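Undergrad: Sequence and predicted model, in that order:
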Amino acid sequence: MPNIGLIGNIIVFVLIVLVYIAIRIQRAYGKGKYSQDVQKPRQLKSFFTKMMMIFTVFSGVIAVLGAIGGEFEMAAVFSVMFIIFLVLSYFMRRKFDMTYQETDEYFVLKDRQKEYKVFYENIVYWQWGFSEMFLLDGKRSDEEYISIRFDYFNPEILLRTVAEMTFDDRFPRRDFDVYPDDSMKKKEMVHLLKHTDYYYLMEDHVEVRNVEKI
């Protein structure tokens, strides 16, 4: 009789390897073109969400077959795996339940039951987070920052527009603990564009070249 525990460990190991490969590929994932189409979290994330569902169904089927055939060790191992994959699948589907669309005047972000439509001219501040940008819409009374993930979407029009607004001195710094010598956030914007691989959007901009010389 095969070692059921070993089989379970192999499946978990393969899953971990697949996730690691996805992360590595995601960082090198090519940027798209300007688009006004509705964007969903990038294909690799959607792919692994579906793969998680397949693992869930597979584990459930093996657990049932093991119980029917009297292989209670097999049933126990795959029942645990079924529960783990089921929970992970649920949270992954919720996490990636969002869409993004941008035009030359505004962007629309739908995150589960919430929808944000933000005109670029109404953006009063931005902050740089890990693989994301937080934007403050001056027309919203709740002063809630809206997060746009760079690893989910390709917000090229948004980034180009916010960068141009930054170089036009539209965003005086509110937090001086980061880049204290960068009162208008221009250096931070250049660093953001480089770190997120969107530098090509503004590399020919005069202000960008001036900042690079400082």
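TA: Looks like it came in fine. These numbers were taken from a predicted model, which means no experiment stands behind them.
Undergrad: In three-state terms, how would Tyr125 be classified?
TA: strand (DSSP: H, G, I helix; E, B strand; the rest coil).
Undergrad: For Asp168, see how far away it is.
TA: 14 Å (CB to CB, to the nearest Å). The way it works is simple: take the backbone N, C-alpha and C, and place the C-beta from them, glycine included.
Undergrad: how far out from the middle of the chain is the lengthiest helix in the chain?
TA: In terms of residue count, the longest helix belonging to the chain (DSSP state H) is helix 43-68. In terms of CA atoms, centre = their mean, to the nearest Å, the centre of helix 43-68 is set 23 Å apart from its chain centre.
Undergrad: for stretch 166-175, same thing?
TA: For stretch 166-175, the distance to the chain centre is 25 Å (CA atoms, centre = their mean).
Undergrad: all helices for the protein, in order.
TA: Under DSSP H, the chain gives helices at 4-27, 43-68, 72-95, 156-167, 186-195, 206-213.
Undergrad: helices or strands up against the fourth one?
TA: In other words, helix 156-167. Contacts defined by 3 or more CB pairs under 8 Å, 6 or more residues apart in numbering; DSSP states H and E place helix 156-167 against strand 98-102, strand 123-129, strand 132-137, helix 186-195, helix 206-213.
Undergrad: swap in the third one?
TA: With contacts defined as 3+ CB pairs under 8 Å, 6+ apart, helix 72-95 has these neighbours: helix 4-27, helix 43-68.
Undergrad: That helix vs helix 43-68, what angle?
TA: Per axes from the mean of the first three to the mean of the last three CA atoms, to 10 degrees, the angle that helix 72-95 makes with helix 43-68 is 150 degrees.
Undergrad: Now helix 72-95: average pLDDT?
TA: Per-residue pLDDT values across helix 72-95 average out to 77.
Undergrad: ok, now the second one?
TA: When pLDDT is averaged along helix 43-68, the result is 75.
Undergrad: Equivalent analysis for the shortest one, please.
TA: Along helix 206-213, the predicted local confidence has a mean pLDDT of 75.
Undergrad: Quick check: buried residues in it?
TA: Neighbour counts using 16 or more other CB atoms under 10 Å place 207-208, 211 of helix 206-213 among the buried residues.
Undergrad: Just the closest of those residues to Asp181, please.
TA: Val211 (11.7 Å; CB to CB).
Undergrad: what about stretch 141-156, distance to the chain center?
TA: 10 Å.
Undergrad: Over to stretch 182-191?
TA: With CA atoms, centre = their mean as the basis, the mean position of stretch 182-191 lies at 23 Å from the chain mean.
Undergrad: Mind listing residues that contact that stretch?
TA: If you take CB atoms under 8 Å, 6 or more residues apart in numbering as the criterion, stretch 182-191 is touched by 126, 128, 162-163, 166-167, 169, 171-173, 176, 178-179, 181, 199, 207-208, 211-212, 214.
Undergrad: contacting residues for Ser79?
TA: Ser79 touches 59, 63, counting by CB under 8 Å, 6+ apart.
Undergrad: what separates it from Pro180, distance-wise?
TA: Distance from Ser79 to Pro180, by CB to CB: 56 Å.
Undergrad: now do Glu164
TA: For Glu164, the distance to Pro180 - CB to CB - is 24 Å.
Undergrad: Looking at the two, which one has more neighbours?
TA: Glu164 (16 against 9; other CB atoms under 10 Å).
Undergrad: State the pLDDT value of the more buried one.
TA: 95.
Undergrad: Nice, that's everything, thank you.
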